[in-house]
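Undergrad: one predicted model, sequence on top.
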Amino acid sequence: MAKCHTDCIERPLCTFFEMIGHFIGSHPWWFFIAPLMLSAGLGSGFYVLKDKMSNDIEEQFTPVDGQAKTERKYIQETFPEDDSMFSSLRLSTDGTYATFIATNERDILTVESLQEILDLDLKVRNMLVKFESELFGYADICGTVTGTCSSNDILDIIGYNASNIDLVNLTFPWYFADFGSVPLYVSLGSVTFNPDNSVKSARAIQLRYYLREDNKTKADIWLEGFINLIANESASTIMVSYTTSVSMQREFEKSPASIVHLFSITYAIAISFSIISCWRLDNVRTMVWVASVGVLSAGLAVLTGFGALLLLGQPFVMTVASCPFMILGIGIDDMFIMVSCWQRTCVLDSVPDRLADTYRDAAISISITTLTDALALFLGYSSPFGSVQSFCLYAGVSVCFCYLYNITFLGAFMALNGQREAENRHWFICAKIPEDLPPGKSKAFSICCVGGSYDRVTEKEEIQPMRRFFHKSYGPFLTQKWVKASVFVVYAGYLAASIYGCSTMKEGLDIRNLAVDDSYIISYYNNQQQHFSEYSYNVMVAVKQVVPYWSQDGLKNLSSCIANFENLNYVNSTSAWFLSFQQYVKAADLNISSEESFQKHLPRFLELNSMFRQDINFSTHKEIQFSRFFIQTLHKTTMKDVLLGLRTTAEQCPIELLVYHPAFIYFDQYTIIMDDTIQIIVVAVIVMLAISLILIPSPLCSLWVAFAICSVIVGVAGFMALWGVSLDSISMINLVICIGFSVDFSAHISYSFVSSSKSDVNDKAAEAMGHLGYPILQGAVSTILGVVVLSMSRSYIFRTFFKIMFLVITFGLVHGLVFIPVFLTLFGACGKRH
């Protein structure tokens, strides 16, 4: 057999944990009570939970240092908004607004439907709400243009009279009225045309109501009134969906409440499964109480970890709410490993010696998984997304406490339970009971009042049926040649399906997924996508240097840049103050060929077109320092391609340009999510490999653990794409978890394989299956049971957590119990020195 041992670290660690186990076994009450006191103290951090909640969508689900945030700051400083000349086109943020979409499956442009829309519009504008005993309405807080509330173009066109629709010849996407050209694509959706290209019908109309941002409290009260008003309105010919600028944030904050009731269900399932798994008919050897305390230990770890971070002032993001489900699975998994090792110790040894042997056999195994889980999570903290950082920090610290409590609290209770076993006391009433059935007693007496038997030859507990199955049946079956060949075929199919899934993966977070399924805003976003998806965002382009706008030669470079933008297949048109100025000059037959004449005629043009003033930044000498124009984009490609395409085109321009839209704040995730995820995974795999090399006494087997990590990650990424999950900040959290969980089962089996004293690789695999096959199966099932209730959640975030955790555990289990054992028998014949 190959001699490739690296147990210089593993051997002293085993000795160290053996000493700890003996010490804890000798003083169990110290290590049982201390964690309870620590949990009570640090758990007080939950008193400040409400103050530490941080669920701002932009802050948590967009890149912390995203490029668009820098661009927004530039726009705000260079082109300050004019409250007296409100323009939604020129907002640097989404603004403060309420909006509704009225739809009709046939035609919304009928007198009946338009009248209902006008009636609803009138109710909105006349609605009064109360603030500090003062009644106010839309006119008091609306965004104004020269003292008048900004209006909805489609209603202006028909003069707020539904009957006028028959007198108006609408053109789309632009309507040219006496008061100027109107972008009708903003108001009308799902348009059909007459032969002369005039509008024949439309299925949707959207109205918006923008508010000033100088009094947030008043605006929030009015928006709440708007929601209540629209929610309680009914119409006969139109269907209405609605939202406001604060709706998504408020609906997002409802998500944690949708799973609160699931916590109790989860812990009840976990306790029940743990008790059933550890139940034995022997009334002394049964580990019922140990199973219950194992679940309690995981709960205390969450209480302590969360409480400590809350006391330290760490923000608590909603994504962290899924942590307890994961920690529960990790804690119970380690508990099953420790119980299995305890049951293999000599029952005649003293309790400290039995616990010492348990720690010697189990501590390295659970240390590997804890280190890998914790480090994977702490590496995830380097993510640029606040939601990922918060989750990884809370989860990583909780994993560490889970490990600490399993070593101390759970180990101490195993010692106390061991003392009961040593005195042959009943698991429930703690009274001493006979080991064998006394003469004259019935079989019923043996079921409830007899226990403590063990194998007289090995002086160990009798082998459980499931452990015997894995050792005597499953292990030998798995090592047959035809089974190994079949495993390779199955693995090839798994890998092919995974790679195909990865090739179909979509990127980015759909904003709708932040709200619960039954939220009223889902209907709005669905209607917006269905009826208003052809025309996309009107992107502002800032000119960041001085340009001689009066000179044709000076405008040549800028014109070529505009042409480059318009050559993009998803750019429809350009709107610019200097283009309008040229038209004005031509119509008035003016000469602006010199700077002096340009400066002379520009003020009059801006007086007539005062909205353009917001697009020009003048120096103290009235010279144009910076300016901006706008390009209309279309929905013809992904937002990632649009964002990167516009930025690339701007960078290639000989003039220094900057492209920006408020939505780019969220689209920045497209530019980094894939690269950042791959970077974290690669670094994590390298770290996991280093840990395996240090703690598993076989370099070749350590490489197989690293292989398992990569294989599981590829599988999870591929199948999550096939399951309809995109790569976003939420699934990124779960992929980080995947790194740690993918190590667990394979590390357990690999460590048991190389620790076996058998010489034949097939015997080593069978023995590893016998020792850890059942505990691994228990751990996997318990983890899946811990998260399965999340599949019933009304929130995409928690359902995604379930989907990916299910894939991680399933694939990790298959690797641990099928693929890796087979691969080790063929390529990993490297054992431990005895």
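TA: The structure has been received and is ready for your questions. Not measured: the values here are computed from a predicted model.

Undergrad: quick one: S87 from Q614, how far?
TA: Distance from S87 to Q614, counting by C-beta to C-beta, to the nearest Å: 7 Å. (C-beta placed from N, C-alpha, C; glycine too.)

Undergrad: should've said E71
TA: With C-beta to C-beta as the criterion, E71 and Q614 are 17 Å apart.

Undergrad: quick one, which of these two is more surrounded?
TA: Each of E71 and Q614 has its neighbours counted (other C-beta atoms under 10 Å); E71 has more, 21 against 18.

Undergrad: skipping its backbone neighbours, what lies nearest the more buried one in space?
TA: Closest residue in space to E71, ignoring its immediate chain neighbours: Y660 at 4.4 Å, by C-beta to C-beta, 6 or more residues apart in numbering.

Undergrad: beta-bridge partners for the one you found, please?
TA: Residues in a beta bridge with Y660, per DSSP bridges, are M540.

Undergrad: who touches it in this structure?
TA: A68, E71, R72, Y74, I75, S92, V539, M540, A542 (C-beta atoms under 8 Å, 6 or more residues apart in numbering).

Undergrad: all strands of the stretch 601-750 of the chain, in order?
TA: For the stretch 601-750 of the chain, the strands defined by DSSP state E, counting those that start in this stretch cover 616-618, 624-634, 657-660.

Undergrad: buried residues, stretch 544-554. List them.
TA: Using 16 or more other C-beta atoms under 10 Å as the test for burial, stretch 544-554 gives K544, V547, Y549, W550.

Undergrad: adding secondary structure, pLDDT and distance to L410, write the residues you listed out as JSON lines.
TA: Formatted as JSON lines, the buried residues of stretch 544-554 follow (DSSP: H, G, I helix; E, B strand; the rest coil; pLDDT from 0 to 100; distance: C-beta to C-beta, whole Å):
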{"residue": "K544", "secondary structure": "coil", "pLDDT": "94", "distance to L410": "62"}
{"residue": "V547", "secondary structure": "coil", "pLDDT": "91", "distance to L410": "71"}
{"residue": "Y549", "secondary structure": "coil", "pLDDT": "90", "distance to L410": "75"}
{"residue": "W550", "secondary structure": "coil", "pLDDT": "89", "distance to L410": "80"}
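
Undergrad: go through those residues and name the one nearest S750.
TA: Closest approach between the buried residues of stretch 544-554 and S750, by C-beta to C-beta: K544, at 57.2 Å.

Undergrad: wait, the closest one touches L658, no?
TA: Yes - with contact defined as C-beta atoms under 8 Å, K544 counts as touching L658 (5.8 Å).

Undergrad: which neighbours do the two share?
TA: Taking C-beta under 8 Å, 6+ apart as the contact rule, K544 and L658 both touch Y74.

Undergrad: returning to that earlier point: and the furthest pair within the contacts of Y660?
TA: Within the contacts of Y660, Y74 and V539 form the most distant pair, 14.5 Å apart (C-beta to C-beta).

Undergrad: those two: who's more crowded?
TA: Between Y74 and V539, V539 has the larger neighbour count (other C-beta under 10 Å), namely 20 against 15.

Undergrad: ok, that one - contacts?
TA: The contact partners of V539, taken as C-beta under 8 Å, 6+ apart, are F630, I631, Q632, T633, L646, V659, Y660, H661.

Undergrad: go again using 6 Å as the cut-off
TA: By C-beta atoms under 6 Å, 6 or more residues apart in numbering, the residues touching V539 are I631, T633, V659, H661.

Undergrad: for the residues you listed, which one is nearest T146?
TA: Within the contacts of V539, distances to T146 taken as C-beta to C-beta reach their minimum at H661, with 25.8 Å.

Undergrad: I appreciate the help and will end here.
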